[in-house]
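**Student:** Only the shape, not the letters, is given here:
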């Protein structure tokens with residue numbers, strides 16, 4: 001397995017563990033009904049599972065298993081895929097902080113940071129799609 005795939009897959013596993021832990025916090029019984037944390041952390045929990053775990057796992061496995069670019073360079077030029085990794089993870093981590101913070105305060109800074117996190121993740125997805133596009137071809 002190439003190094004970049006290992007980074008994506010191991011990071012995905014870390015996000016899975018974090019999401020499962022967050023799931024425990026969200027459903028932990030609280031006095032008076034629903035947990036205080038449920039409404040605050042629910043969007044972050046969903047995001048950890050869908051982007052942190054699933055999307056990142058798909059990126060790592062796709063980089064590893066998609067058809068080879070060529071015999072000499074099986075993974076081809078990797079700059080786009082390598083650039084996507086830090087952008088995706090910066091976007092995920094920023095969202096994990098900014099989204100619950102918006103519920104605490106109406107400060108516009110958190111809304112700007114949330115928008116920045118979405119932009120980082122979109123850019124990462126576009127870069128990875130651009131990279132994988134070159135590996136989808138006829139035999």
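**Tutor:** Good, I have the coordinates. Just so you know, these numbers come straight off a predicted model, no measurement behind them. Numbers count the residues shown, from 1 in each chain.
**Student:** Which stretches in the protein count as helices?
**Tutor:** Taking DSSP state H as the test, the helices found in the chain are 3-27, 36-47, 56-65, 79-104, 108-133.
**Student:** Show me which positions of the second one end up buried.
**Tutor:** Within helix 36-47, the residues scored as buried using 16 or more other Cβ atoms under 10 Å are 37, 40-42, 44-45, 47. The way it works is simple: take the backbone N, C-alpha and C, and place the C-beta from them, glycine included.
**Student:** okay, those residues in TSV with pLDDT and distance to residue 60 next?
**Tutor:** Below are the buried residues of helix 36-47 laid out as TSV (pLDDT from 0 to 100; distance: Cβ to Cβ, whole Å):
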residue	pLDDT	distance to residue 60
37	72	30
40	81	30
41	86	26
42	88	26
44	90	22
45	93	21
47	94	18
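**Student:** Please work out which of the helices of the chain is packed deepest.
**Tutor:** helix 56-65 (a mean of 20; mean count of other Cβ atoms under 10 Å).
**Student:** Contacts for the helix or strand of the chain with the lowest mean pLDDT, please.
**Tutor:** Least confident helix or strand, the chain: helix 36-47 with a mean of 84, by mean pLDDT, DSSP states H and E. The contact list for helix 36-47, computed with Cβ atoms under 8 Å, 6 or more residues apart in numbering, reads 19, 22-23, 25-28, 30, 92, 95-96, 99-100, 103-104.
**Student:** wait, what's in contact with residue 137?
**Tutor:** So residue 137 contacts residue 67 (Cβ under 8 Å, 6+ apart).
**Student:** Residue 5 too?
**Tutor:** Contacts for residue 5 (Cβ under 8 Å, 6+ apart) come out as 60-61, 63-64.
**Student:** Which two among those are spaced furthest apart?
**Tutor:** 61 and 63 (7.3 Å; Cβ to Cβ).
**Student:** Can you work out which residues contact both of those two?
**Tutor:** 5, 8.
**Student:** Quick check: phi and psi at residue 69.
**Tutor:** Dihedral pair for residue 69: phi -70, psi -50, per degrees, to the nearest 10.
**Student:** how far away is the closest residue to it other than its chain neighbours from residue 66?
**Tutor:** Using Cβ to Cβ, 6 or more residues apart in numbering and skipping the chain neighbours, the partner closest in space to residue 69 is residue 76 (3.0 Å). The gap separating residue 76 from residue 66 is 10 Å, by Cβ to Cβ, to the nearest Å.
**Student:** Fine by me, we can end here.
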